[in-house]
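Enquirer: Pasting the sequence and the predicted coordinates here, then a few questions.
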Amino acid sequence: MVVYSGLAIFALSETGNFICHLMLRSLRPAEGSKVRPIPSGFLFDLVSCPNYTFEVAGWIGFSIMTEFSSLICSRSLDSFKCGNGP
């Protein structure tokens, strides 16, 4: 069940990231123009860079999906125990 939850978070985050990139692409100025519009809508009204927000959420989902976070925790504890032994 955890793997499917991570997969859902990853898929939704990557979809959101793709939407943000499409919105940013549509704001490119016409050739010769100096106008740089500020993006709005979707998640742009809540955070400055929603594409990065979705990127981080995607990696969190990927870590959950692959159960990588449990591996990091167990390896960190192992190295702590080995380094501070009697």
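Expert: Sure, I can see it. Residues are numbered from 1 along each chain as shown.

Enquirer: For the strand or helix carrying Leu12, give the mean pLDDT please.
Expert: Element membership of Leu12 [criterion: DSSP states H and E] is helix 2-25. Looking at helix 2-25 alone, the average pLDDT works out to 92.

Enquirer: residues near Leu27, how many?
Expert: Using other Cβ atoms under 10 Å, Leu27 has 12 other residues around it. Yep, even glycine has a C-beta here, placed from its N, CA and C like the rest.

Enquirer: gap between it and Leu46?
Expert: In this view, Leu27 and Leu46 are 18 Å apart by Cβ to Cβ, to the nearest Å.

Enquirer: just Cys20 next, same as before
Expert: 12 Å.

Enquirer: Settle it for me: which of these two has more neighbours?
Expert: Using other Cβ under 10 Å as the criterion, Cys20 and Leu46 rank with Cys20 on top: 21 against 8.

Enquirer: Nearest residue to the more buried one in space, please, no chain neighbours.
Expert: Counting by Cβ to Cβ, 6 or more residues apart in numbering, Cys20 lies nearest to Asn51, which is 4.0 Å off, once chain neighbours are set aside.

Enquirer: cool, and Ser13?
Expert: Gly58 (3.6 Å).

Enquirer: Name all residues that make contact with the one you found.
Expert: Residues near Gly58 by Cβ atoms under 8 Å, 6 or more residues apart in numbering: 9-10, 13-14, 17.

Enquirer: Can you report phi and psi for it?
Expert: Gly58 has phi and psi values of phi -60, psi -40 when expressed as degrees, to the nearest 10.

Enquirer: Likewise for Phe42?
Expert: Torsion angles, degrees, to the nearest 10, at Phe42: phi 50, psi -110.

Enquirer: tally of neighbours for it?
Expert: Counted with other Cβ under 10 Å, residues neighbouring Phe42 total 13.
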